[in-house]
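**Student:** Give the three-dimensional model of this entry:
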Amino acid sequence: MLESKAVDFFKKIVDDSNTAILYAEPSLPKSLNVKEFVVKYANQKAQSFFSFSFDSAKNQSLVDIVNYDEVLILSNKVLEVGDEENFNIIVQVDDSLLNYNVKINKFNEGLLFTLTLIKPEFITDKESKVPLGNIESRKRELEISNLFGIRVLDSNDSVISYLKPVFDKKGKIEDFRIVYINNRMGEIANQETAFIEGKTILEYYPKNDENGVLEILADGYASGENKEYTKEFIFDKEPVWLTTKAIKINDGLILFSKDVTQEKSYEAQLFIQNRLLSEAEHVANIGSFRWNLAKNQIKYSDNVYRLFGYDPNEFDNKYDRLLTFLHPNDLEKVKSSFKEARKTKSKIDLVFRVYTKSHELRYMNTIGECYQKEDNWYMVGVIRDVTKQIEAESVLQIKNTELKRTNADLEAFNRVASHDLQEPLRKIQMFVSRLDEEEEGRLSNRSQGYLSKIKYSSDRMRKLINNLLSYSKIDEVGEQPKRVDLNDVLKNVLEDLGERINDLNAQVDSVSLPVVNGIQFQLEQLFANLIGNSLKYVKEGVQPNIKILGSIISGEKSSVENLLPSINYVKLQFIDNGIGFEKKYEEKIFEIFQRLHGKTEFSGTGLGLSICKKIVQSHNGTIMAKGEKDKGAEFTVYLPTLL
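**Tutor:** Okay, the predicted model is just below:
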């Protein structure tokens with residue numbers, strides 16, 4: 001009975017107190033990080049202050065009762081750390097501004113809140129020394145309190161936060177406490193803002209001391225000046241760039257932070273692209289420019305300066321300065337061309353000579369086009385050093401002149417070979433033939449032998465001249481390449497060689513051959529020379545056997561040099577069982593006038609295979625030879641296919 005009276009006695013004292021007293025426990029027992037507290041007790045003053053009726057049988061959320069974010073933020077901090085929090089809040093009641101002192105203490109498993117009305121004359125602002133009872137000071141505090149209470153802040157694209165300084169024992173700012181921060185920060189950091197609010201900036205992000213943020217904010221608070229900075233932060237292993245503006249309001253700082261990570265990414269990409277462009281200009285030996293035609297100012301890329309032998313930005317960007325580099329004989333040409341381009345807004349493309357810083361004469365080519373932007377006209381273009389190109393063209397012109405002279409000499413030779421050489425040769429053959437007829441039976445055997453040698457030599461001379469003419473005219477064929485069926489080519493050649501094939505009882509076997517793009521009569525000459533070689537160099541006592549094979553191969557998969565990997569080739573193989581040749585002659589055999597045997601052993605001029613090689617090359621192909629003495633020879637031809 002006595003215990004019950006004591007409880008009622010103390011309850012009455014608490015209920016009649018002018019101090020609002022409220023006790024709340026976490027909604028999640030033994031949790032240090034919660035957003036919600038359940039009210040377990042509230043005296044009459046607290047119920048009146050927070051405008052609610054306490055019902056011990058019904059759980060009441062502290063969030064629903066307390067509309068002051070600062071109280072809720074610091075509640076978590078007290079629960080976690082255990083230290084008392086003591087602060088003031090300003091409340092508007094009717095037309096009056098009332099200041100309350102709020103204390104939050106850890107008590108048992110929960111928190112004990114006490115709110116005491118403070119008389120205005122005893123309250124002063126530490127920084128400004130203006131009494132808090134002053135209506136202007138109170139209005140500023142009320143504006144801040146109202147600002148934090150506006151939920152629309154959470155929908156702002158910027159991170160908005162309110163910080164209050166934390167002083168050390170000497171009165172120096174050692175940190176800032178995060179009193180408020182909107183939900184945008186939670187989205188960026190991927191963390192609930194309740195876990196951020198109440199902490200200091202060094203507790204939440206220790207590197208704020210290393211990156212200079214703390215120093216900037218402390219200087220802004222002390223000087224009252226607005227501060228702006230852009231810093232990189234790492235949240236959940238992801239880099240985030242924030243541009244922040246800090247404004248001092250009363251005894252704290254409001255921070256407006258904008259996420260500029262994407263802009264920084266674009267800036268980095270632009271830097272890389274500009275760097276690559278600069279490197280590309282350097283490698284390509286070119287530079288670029290942008291000319292403001294109204295102001296006569298030209299902005300050059302770094303490599304333009306290097307083309308003229310200078311370091312970047314070593315000479316000014318005036319148009320007249322550019323003219324000082326010009327060769328005197330090119331000055332009027334350049335001025336006239338640029339004047340016309342500026343007047344008509346037309347494209348410019350000219351080559352001129354300049355003297356570099358080291359007085360070296362160089363050829364430059366400039367290409368520029370005009371465009372209009374915001375009522376101003378500009379010319380953009382490139383400048384490239386074409387000295388080597390000009391010099392190469394000069395050398396090429398000299399070579400072309402020499403080539404024309406050589407071709408003229410070759411044409412003169414062809415005329416001599418086709419007419420002047422053959423005319424006396426025909427007379428020699430004619431008179432030798434008449435002498436042989438008229439003196440038949442009257443010449444001694446020795447004289448008859450001399451006459452036969454003259455006939456043989458003149459005949460060989462005629463063949464040699466004809467072959468030389470054929471060799472020299474392979475590249476002069478006016479006929480355009482067309483679709484050629486190699487089966488038709490082989491058929492025509494075998495008909496021409498039919499009598500010789502029969503005389504030797506030779507066997508010629510062939511598979512079905514593909515189609516190529518070429519000149520038919522030259523391909524027939526190629527087949528005739530290769531098959532004719534096999535019929536000429538037969539092994540005594542062995543029936544001649546010639547095989548002609550054809551297939552399609554990929555240039556990419558072939559190990560043969562000079563074949564392009566992007567196209568297919570017809571592979572032709574001419575294989576015989578004749579006398580063959582030694583391996584050391586595989587390359588030499590295609591040289592002009594090259595003979596592997598004496599002229600008394602086998603007839604010929606040594607031009608047959610040279611003509612074959614030139615025909616194959618004129619068809620963009622390759623020919624190869626492989627042989628083994630007394631075991632035969634194989635000639636392989638590669639020609640681009642139509643397939």
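
**Student:** Okay, now the unreliable bits of the stretch 351-500 of the chain?
**Tutor:** In the predicted model of the stretch 351-500 of the chain, residues 407-423, 456, 460-461, 463-479 satisfy pLDDT under 70.

**Student:** Output the residue ranges of the strands in it, listed in chain order.
**Tutor:** Ranges of strands within the stretch 351-500 of the chain are 361-373, 376-385, 482-485, based on DSSP state E, counting those that start in this stretch.

**Student:** The second one relative to strand 361-373, how many degrees between them?
**Tutor:** The one in question is strand 376-385. For strand 376-385 against strand 361-373, the angle by axes from the mean of the first three to the mean of the last three C-alpha atoms, to 10 degrees is 160 degrees.

**Student:** Can you point out the buried residues in strand 376-385?
**Tutor:** 378-379, 381-385 (16 or more other C-beta atoms under 10 Å). C-betas here are computed from N, CA, C, even on glycine.

**Student:** now the shortest one
**Tutor:** By neighbour count, and taking 16+ other C-beta under 10 Å as the criterion, the buried residues in strand 482-485 are residue 484.

**Student:** Equivalent analysis for the longest one, please.
**Tutor:** Neighbour-count burial for strand 361-373, counted by 16+ other C-beta under 10 Å, picks out 362-366, 368, 370.

**Student:** Beyond the helix or strand bottoming out on mean pLDDT in the chain, next helix or strand please.
**Tutor:** Every helix and strand in the chain was compared by mean pLDDT, DSSP states H and E; the lowest is helix 135-149, with a mean of 51. Downstream of helix 135-149, the first helix or strand assigned by DSSP states H and E is strand 159-167.

**Student:** ok now that following strand, how far from the chain's centre?
**Tutor:** Relative to its chain's centre, strand 159-167 lies at 45 Å (C-alpha atoms, centre = their mean, to the nearest Å).

**Student:** by contact count, what packs against it?
**Tutor:** helix 135-149, strand 173-181, helix 183-189, helix 213-223, strand 252-259 (3 or more C-beta pairs under 8 Å, 6 or more residues apart in numbering; DSSP states H and E).

**Student:** Out of the ones you listed, indicate the one that is most buried.
**Tutor:** strand 173-181 (a mean of 21; mean count of other C-beta atoms under 10 Å).

**Student:** May I have that strand as CSV, with CA atoms only?
**Tutor:** Extracted in CSV, the C-alpha atoms of strand 173-181 (Å, rounded to 0.1, in the frame of the first residue of the first chain):
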residue,chain,number,x,y,z
ILE,A,173,37.2,23.6,-35.3
GLU,A,174,38.2,20.0,-35.4
ASP,A,175,35.2,18.5,-37.2
PHE,A,176,31.6,19.2,-38.4
ARG,A,177,28.6,17.3,-37.3
ILE,A,178,26.0,16.3,-40.0
VAL,A,179,22.8,17.6,-38.5
TYR,A,180,20.7,17.1,-41.7
ILE,A,181,21.2,15.5,-45.1
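
**Student:** Run the angle between it and helix 213-223 for me.
**Tutor:** Orientation of strand 173-181 against helix 213-223 (the same axes, to 10 degrees) gives an angle of 90 degrees.

**Student:** what's next to strand 173-181, contact-wise?
**Tutor:** By C-beta atoms under 8 Å, 6 or more residues apart in numbering, the residues outside strand 173-181 that reach it are 69-70, 73, 148, 159-168, 193, 196-204, 214, 217-218, 221-222, 252-253.

**Student:** Pull out the buried residues from these.
**Tutor:** Using 16+ other C-beta under 10 Å as the burial test, the contacts of strand 173-181 include 69-70, 73, 148, 159-165, 193, 196-202, 204, 214, 217-218, 221, 252-253 as buried.
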